[in-house]
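[1] Just the structure for this:
(one chain, ligands or ions: 1)
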Amino acid sequence: MDAIQRASAYRDSDHLRIEQPIAFRMLRRILDRDQVSPAYLLAGAPGLGRREAALWFAMGLLCSREPNSERPCGECPNCTLGSSNHPDIHILQRNTNRATIGIEDVRNRIREPLSRRAFAGGRKIVVLPEAERMTPQAQNALLKILEDPVGQSTLLLIAPGMGYMLPTVRSRCVTVPFRSLGIEGFRRRMEDSIPDAEDAADLFTRSGGDIATAREMLSEDGAREWQSMAQLVDSLLEGGLSPAQISNWSDKLGGDPERTEILLDGISLTIRHAMNGDRVLPAHYARAVGILTRTGEILRANGNRRLVWEVCLIKLQATLH
Ligand SMILES: [Zn+2]
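    Down below sits the predicted model:
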């Protein structure tokens, strides 16, 4: 590990210590006591540093130093390899052509590497970002691995919340909670891209304080998409969408399965923004969230995308207008 990488490993833990003190204390204590569970669920919204924390923790688990010393040390042979090069750390990146993580991924990319001998003779670690995208079948396959672990292995699942995992999987994981950043933490994180305090406060409300959403809103494509979302919600509030327009919007929304979660979140946040501006009653907002949640469930179960969106928009218009 060169000086820059070492500095960045320390910066990761600094970030974590300042912004996520509960998660940091939990992970630090596990490293200090060396009492390691087979699986952890790092639960919280995207953009809160869950992945950095998982990789820092993974390095801490593999570090050759004694427990109760600053692990990861950044200097031992294991730390020197770094989390992206260490052969005992496997990161299951989702195949971007598919919206879900399937049973084959769990078999080939979790069970298979865990069944091999550890390179450094110690623990093997699998990091699973976007664990919420596992199909129920994939989660059941994962459950089998958790029930019958091979050798010394640790799974680090990353998901927006505990509710995204089957209760059977959840009960086998130690949950490490990542809390939303307050306005101050949000402003600090976004300082580079949005220095003005008032703009930052506005973005904080519009993004629901979610860093990943906020960054997306600032990108050129993102800004265009959010503008079109605001247009859609405006029309829904005015009750002005004709059947032909609803059909057009459904085509647009249903086009790319990859965008489903972003679109559902985006519509929900835009309606919340309208509620904050007194344009939507809280009770109607709650009902709209229910409609969007149900829509997400049907879309994840591979319903007819266009039709599901059409029903969703008709219901939203009836609720919000
Ligand atoms: Zn070390």
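[2] can you pull up the bridge partners for the residue in the stretch 151-300 of the chain that the ion sits nearest to?
    Evaluated by CB to the ion, the stretch 151-300 of the chain has residue 154 as its residue closest to the ion, separated by 16.4 Å. C-beta: built from backbone N, CA, C; applies to glycine. Beta-bridge partners recorded for residue 154 (DSSP bridges): residue 125.
[3] Quick one: neighbours of residue 227, just the number.
    11 (other CB atoms under 10 Å).
[4] Show me what the one helix or strand it maps to is packed against.
    Remark: residue 227 resides in helix 220-238, with elements defined by DSSP states H and E. Counting contacts by 3 or more CB pairs under 8 Å, 6 or more residues apart in numbering; DSSP states H and E, helix 220-238 is packed against helix 211-218, helix 260-276, helix 305-320.
[5] quick one: it to helix 305-320, angle?
    Angle, helix 220-238 to helix 305-320, by axes from the mean of the first three to the mean of the last three CA atoms, to 10 degrees: 50 degrees.
[6] Return the residues of this structure in contact with the ion.
    Contact residues, the chain versus the ion (CB under 5 Å from the ion): 63, 72-73, 76, 79.
[7] Max pairwise distance over these: which two?
    Spatial extent of those (CB to CB) is set by the pair 72 and 76 at 8.2 Å.
[8] Which residues are in contact with each of those two?
    Common contact partners of residue 72 and residue 76 (CB atoms under 8 Å, 6 or more residues apart in numbering): residue 63.
[9] Looking at the residues of the chain next to the ion, which are in helices?
    residue 79 (DSSP state H).
[10] Derive a PyMOL selection command for the buried subset of the residues of the chain next to the ion.
    In PyMOL, this line selects whichever of these come out buried by 16 or more other CB atoms under 10 Å:
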select buried, resi 63+72+73+76+79
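[11] Could you list the low-pLDDT ranges of the stretch 101-250 of the chain?
    By pLDDT under 70, the stretch 101-250 of the chain contains no weakly predicted segment.
[12] Which residue would be the closest one in it to the ion?
    For the stretch 101-250 of the chain, CB to the ion, closest residue to the ion: residue 120, 11.1 Å.
[13] can you redo the residues of the chain next to the ion as JSON lines with pLDDT?
    JSON lines is the format used below for the residues of the chain next to the ion (pLDDT from 0 to 100):
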{"residue": "63", "pLDDT": "94"}
{"residue": "72", "pLDDT": "93"}
{"residue": "73", "pLDDT": "92"}
{"residue": "76", "pLDDT": "93"}
{"residue": "79", "pLDDT": "93"}
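[14] Just the closest of the residues of the chain next to the ion to residue 135, please.
    residue 72 (33.6 Å).
[15] so what's the closest one closest to, chain neighbours aside?
    Distances taken as CB to CB, 6 or more residues apart in numbering put residue 59 closest to residue 72, at 3.9 Å, once the chain neighbours are dropped.
[16] The one you found and residue 18, how far apart?
    Residue 59 sits 19 Å away from residue 18, going by CB to CB, to the nearest Å.
[17] If you count surrounding residues, which of the two has more?
    With neighbours defined as other CB under 10 Å, residue 59 and residue 18 compare such that residue 59 has more, 27 against 11.
[18] Please look at that one and residue 80 and confirm they touch.
    No. Between residue 59 and residue 80 there is no contact under CB atoms under 8 Å: 10.4 Å.
[19] And the strands in this structure?
    Under the criterion DSSP state E, strands of the chain are mapped to 39-43, 89-91, 124-128, 153-159, 174-177.
[20] picking that back up, where does the residue nearest to residue 72 land on pLDDT?
    Note on residue 59: pLDDT of 94.
[21] need the strands of the chain in a markdown table with mean neighbour count, can you?
    What follows is the strands of the chain, written out as a markdown table (neighbours: other CB atoms under 10 Å):
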| stretch | mean neighbour count |
| --- | --- |
| strand 39-43 | 23 |
| strand 89-91 | 21 |
| strand 124-128 | 25 |
| strand 153-159 | 24 |
| strand 174-177 | 17 |
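[22] and the ones you listed as JSON lines, adding distance to residue 239?
    Formatted as JSON lines, the strands of the chain follow (distance: least, CB to CB, whole Å):
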{"stretch": "strand 39-43", "distance to residue 239": "38"}
{"stretch": "strand 89-91", "distance to residue 239": "47"}
{"stretch": "strand 124-128", "distance to residue 239": "44"}
{"stretch": "strand 153-159", "distance to residue 239": "37"}
{"stretch": "strand 174-177", "distance to residue 239": "41"}
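[23] Residue 222: which of those is closest?
    Here strand 153-159 is closest among the strands of the chain (CB to CB), at 22.1 Å.
[24] Give me the angle between the closest one and strand 124-128.
    Using the same axes, to 10 degrees: strand 153-159 against strand 124-128 is 10 degrees.
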